[in-house]
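**Q** any chance you could fold what I've pasted below:
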Amino acid sequence: MPAPDVSFFSGRDGVRLAYRELGDGRPLVLLHGVTGDARLWLSPGQAQTLAARGHRVILPDFRGHGMSDRPHDAAAYPPDVLADDGFALVEHLGLADYDLGGYSLGARIVVRMLVRGAAPRRAVVAGQGLREVLGTGGGAGAFLRRLFDGTEEFAPGSREQLAAEAMLARGEDPVALLHVLDSIVATPLEPLHGIGVPTLVAVGTEDERAATAGELAGAMAHGTMVSVPGDHRSAPVTPEFVAAIADFLAAGA
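**A** The predicted structure is shown next:
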């Protein structure tokens, strides 16, 4: 399957945002994690597999990421702006009956969209636990802040120095990423209890987020959990991961 072309739409504040599409059938919007872009769903082939299973897969790049605009003005990153961008994409494409999923940060944005009224038929919240969604710890945000907020110097060859170099080499924008982190909103338990959409929580057995993933699924009225092999980085590229998502979505068809 050829690589999909990049298209653009406007966020509610006019920021230019990118997305890709592949496949035909029931729309499935998939949100990527912090750093990287929509190609995180394409390079390992998950998007292609889901398209082959009958989905029109829609893959946006978050603002501050990929082909989307990366403004450096903090005013372009108000609280919940990534969820606002998700709503803008749904409106731009005129989606009335669709599924919604995300991994890592993308999963947190799925939760934010759900508690703010998004009504997909089914949702996937992958690579997240209750602790991260509540904003009480975990996740990659603290590590990214250490890398790029300028308050620390790292020894040559250290994990931190190598990680920062790798991200800069692949074109990440530290200023935009820090603003993105500042925009993320935690979700308390009570709104989670109000999510009525059937939701799959999928997490790697070796991912630290697995410790509270079951609690996250249990906090939602129709949440279910599945464990797949791997840690936070390796789990989403396993056949078990994409099969779990595909089977869950097919059950709601």
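
**Q** can I assume Ser7 sits in a strand?
**A** Yes - counting by DSSP: H, G, I helix; E, B strand; the rest coil, one finds Ser7 located in a strand.

**Q** which residues touch it?
**A** Residues near Ser7 by C-beta atoms under 8 Å, 6 or more residues apart in numbering: Ala18, Tyr19, Arg20, Glu21. Using the backbone N, CA and C atoms, a C-beta is placed for each residue, glycine as well.

**Q** name the SS class of the closest residue to Ala244 other than its chain neighbours, please.
**A** Nearest residue to Ala244, sequence neighbours excluded (C-beta to C-beta, 6 or more residues apart in numbering): Val226, at 4.7 Å. Val226 falls in the strand class when you classify it by three-state DSSP.

**Q** hang on, isn't Val226 packed against Ala202?
**A** Yes - counting by C-beta atoms under 8 Å, Val226 does reach Ala202; the two are 5.1 Å apart.

**Q** what touches both of these two?
**A** With C-beta under 8 Å, 6+ apart as the test, Val226 and Ala202 both reach Ala244.

**Q** coming back round to it: and for the residue nearest to Ala244, the neighbour number?
**A** Using other C-beta atoms under 10 Å, Val226 has 18 other residues around it.

**Q** likewise for Pro156?
**A** Using other C-beta under 10 Å, Pro156 is surrounded by 7 other residues.

**Q** separation between it and Gln48?
**A** 39 Å (C-beta to C-beta, to the nearest Å).

**Q** please apply the same query to Leu114.
**A** In this structure, Leu114 and Gln48 are 26 Å apart, going by C-beta to C-beta.

**Q** tell me which of these two has more neighbours.
**A** The residue with more neighbours, out of Leu114 and Gln48, is Leu114; 24 against 18, by other C-beta under 10 Å.

**Q** surely that one and Ile195 touch.
**A** Yes - at 4.9 Å, Leu114 and Ile195 qualify as touching, with contact defined as C-beta under 8 Å.

**Q** let me see the ranges of the strands in the chain.
**A** Counting by DSSP state E, the chain has strands at residues 6-10, 16-22, 26-31, 55-60, 99-103, 123-126, 199-204, 223-228.

**Q** which parts of stretch 138-158 are buried?
**A** For stretch 138-158, burial by neighbour count (16 or more other C-beta atoms under 10 Å) applies to Gly138, Gly139, Gly141, Leu144, Leu147, Phe148.

**Q** contacts for stretch 80-100?
**A** Applying C-beta under 8 Å, 6+ apart, the contact partners of stretch 80-100 are 9-13, 15, 17, 19, 26-29, 31, 55, 58, 60, 62-63, 78, 105, 109-110, 112-114, 116, 118, 120-124, 180, 183-185, 249, 252.
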